[in-house]
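**Student:** here is a sequence with its predicted model. Questions after.
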Amino acid sequence: GIQVEQSPPDLILQEGANSTLRCNFSDSVNNLQWFHQNPWGQLINLFYIPSGTKQNGRLSATTVATERYSLLYISSSQTTDSGVYFCAGNPSGGSNYKLTFGKGTLLTVNP
Amino acid sequence: NAGVTQTPKFRVLKTGQSMTLLCAQDMNHEYMYWYRQDPGMGLRLIHYSVGEGTTAKGEVPDGYNVSRLKKQNFLLGLESAAPSQTSVYFCASSRGINQPQHFGDGTRLSIL
């Protein structure tokens, strides 16, 4: 199966700072998604972004499918952005339904 | 519009007991999934369904069974619970294979 590597594993920010989270895939993927798991454990789908760039408020994401990576940008971070950010995808081609998750980036935003 | 609802939210079982976790979605999604989340392991797919009446094995299916008798419901069963099945279980659904997955709030299950 594909390998999903996320960096950095941990990140501590002061409120108002910007950050970039990265996700690398070992092979071509479809279905690339970014999720936020908040401190209460809820998993929220942030972006479905198999290619290109999308923006939603202070968050944006870019996927370069040909180079097998995706970036999540958080601008003007707030304490409510704290939690774990996961990226996930499944291998291109075939009928593989298995969405493989990275191990996540733990983000802490301090007031 | 509740999205994906999981019941129960918490449960403690003794080794050997059985139980069923229920997932219900009101988005008319075809695809449904069960994942488990363990520290250091991330989320792993247990079973999934591509439509009413269908089920298939995921990455870690042993010890679990599933059923999708109605499109909106996906049940995960543990026939004889083991301590290794202590985990947080998440259900998700999507309109299709290459579509965003939407998750429930999770079920925290402890097996003593």
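**Tutor:** That came in fine, so what should we check first? Numbering: from 1, shown residues only, chains lettered A, B, ... in the order given.
**Student:** residues contacting stretch B:59-75, please?
**Tutor:** For stretch B:59-75, the external contacting residues (CB atoms under 8 Å, 6 or more residues apart in numbering or on different chains) are A:98, B:20-26, B:28, B:30, B:32-34, B:36, B:44-47, B:49, B:51-55, B:76-80, B:82, B:84-85, B:91, B:93. Glycine gets a C-beta too; all of them are placed from N, C-alpha and C.
**Student:** again, only this time at 7 Å
**Tutor:** Applying CB atoms under 7 Å, 6 or more residues apart in numbering or on different chains, the contact partners of stretch B:59-75 are A:98, B:20-26, B:32, B:34, B:36, B:44-47, B:49, B:52-55, B:76-79, B:82, B:85, B:91.
**Student:** quick check: residues of chain B near chain A?
**Tutor:** Taking CB under 7 Å from any CB of the partner chain as the contact definition, chain B meets chain A at B:42-43, B:45, B:48, B:58-59, B:88, B:90, B:97-98, B:100-103, B:105-106.
**Student:** test my guess that A:Gln6 contacts A:Gly104.
**Tutor:** Yes: with contacts counted by CB atoms under 7 Å, A:Gln6 reaches A:Gly104, the gap being 6.1 Å.
**Student:** ok now do the spatially most central residue of chain B, which residues does it touch?
**Tutor:** In chain B, the residue lying closest to the centroid (CA atoms, centre = their mean) is B:Trp34, at 3.1 Å. Neighbouring residues of B:Trp34 by CB under 7 Å, 6+ apart: B:Ile46, B:His47, B:Val66, B:Phe74, B:Leu76, B:Tyr89, B:Cys91.
**Student:** likewise for B:Thr107?
**Tutor:** Listed by CB under 7 Å, 6+ apart, the contact set of B:Thr107 reads B:Gln6, B:Pro8, B:Lys9, B:Arg11, B:Leu21, B:Tyr89.
**Student:** one more time with 10 Å
**Tutor:** Going by CB atoms under 10 Å, 6 or more residues apart in numbering or on different chains, B:Thr107 touches B:6-11, B:19, B:21-23, B:34, B:36, B:76, B:87-91.
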